[in-house]
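# got a structure for you, letters missing:
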């Protein structure tokens, strides 16, 4: 049994195996109806609990579809359904759920909830997102880049905007897959020093450059994310917009990168805020492939968790 909690907590060879497996899974499904079962059914007769303390579109849909395509069944639970951590401890919930299901995917707020769930569960636990990291998304992003441009090792990735949980997992991926990462955003929203230090300790180049035009010079990939969370108050939204407006990814900024630099966004996007429509819909954008690849990457992750 393997958990999949974070990219920096997973062996490098295992990560590469997941990416290769995801490509095989995707290639094998070409031309099939979207609801068709895979030829290989690693989740046959398996039940997977999908726990959502946070709302979700892509994570919920892609995991639900992925489990079904692999022959399994899903039980979708919200935080309000379970009152997770209220009354019953996370540890006790993990013990009970492990008696009912074969795997748990949890999308939660506090990282400690994920960690406690994994510590006490006797079935694999997958990090669907926490406030600190989003590893499944970045595995899909690596898959997407390599489909279009080949191995990501040695490439330059630039993150524009808020050094959030998705940025954190990109830093972990830089260390594990061997690419350089430049963060460009306001000092108030820098990524956590712990994550920056970890990536640097793996021997990759991590830079912080306040000037976005300088940051994207020589970039192979530019990544953006939403400026505001659905939970932010209106006053916080206005402050963030003011801070982040200089870091909008637009056509002018893309022109400072390599001509074939790709653009990614984990979605949902706020058009004309963190990114303009001409970039989102332009020739450098691979956001729809990126969204699709959540499905294939997560199927490979689930397969890895069960195979051990």
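Alright, I've got the coordinates. The structure displayed is predicted, hence computed values, not measured ones.
# who's in contact with residue 59?
Listed by CB atoms under 8 Å, 6 or more residues apart in numbering, the contact partners of residue 59 are 52, 107, 128, 129, 136, 294. All C-beta atoms are positioned from the backbone trio N, CA, C, and that covers glycine.
# Just those: which are in helices?
Judged by DSSP state H, the subset of the contacts of residue 59 located in helices is 136, 294.
# For residue 23, state which of the contacts of residue 59 is nearest.
Distances from residue 23 to the contacts of residue 59, taken as CB to CB, are shortest for residue 294 (14.1 Å).
# thought that closest one was touching residue 137?
Yes. Here residue 294 lies in contact with residue 137, judged by CB atoms under 8 Å, at a distance of 6.9 Å.
# From the contacts of residue 59, pick the one nearest residue 30.
Comparing the contacts of residue 59 against residue 30 with CB to CB places residue 294 closest, at 17.4 Å.
# Could you report the neighbour count for residue 159?
Applying other CB atoms under 10 Å, we find 26 residues neighbouring residue 159.
# Check residue 239 too.
Neighbourhood size, residue 239 [other CB under 10 Å]: 14.
# Please, which helix or strand holds it?
helix 234-244 (DSSP states H and E).
# re the thing from before, if you rank the contacts of residue 59 by neighbours, which is first?
In those, the most neighbours by other CB under 10 Å go to residue 128, 27 neighbours.
# Need the nearest residue in space to it, chain neighbours excluded.
Leaving aside its sequence neighbours, residue 128 sits nearest to residue 107 (CB to CB, 6 or more residues apart in numbering; 3.6 Å).
# Okay, buried residues for the helix holding residue 239 please.
Of all the residues in helix 234-244, those buried under the rule 16 or more other CB atoms under 10 Å are 240, 243, 244.
# Next: stretch 29-46.
By 16+ other CB under 10 Å, the buried positions in stretch 29-46 come out as 29, 38, 42, 43, 46.
# quick one: low-confidence parts of this structure?
Residue ranges of the chain with pLDDT under 70: 85, 230-233.
# And the helices in it, which stretches?
Per DSSP H, the chain carries helices over the ranges 12-28, 58-69, 79-82, 90-100, 111-120, 135-149, 165-177, 193-201, 212-215, 234-244, 251-254, 277-280, 287-307.
# Highest mean neighbour count out of the ones you listed?
Highest mean neighbour count among those (mean count of other CB atoms under 10 Å): helix 165-177, with a mean of 25.
# tell me what that helix is packed against?
With contacts defined as 3 or more CB pairs under 8 Å, 6 or more residues apart in numbering; DSSP states H and E, the packing partners of helix 165-177 are helix 12-28, helix 135-149, strand 156-160, strand 180-184, helix 193-201.
# Can you tell me the strand partners of the third one and which way each runs?
Meaning strand 156-160. strand 180-184 (parallel), strand 221-224 (parallel) (DSSP bridges).
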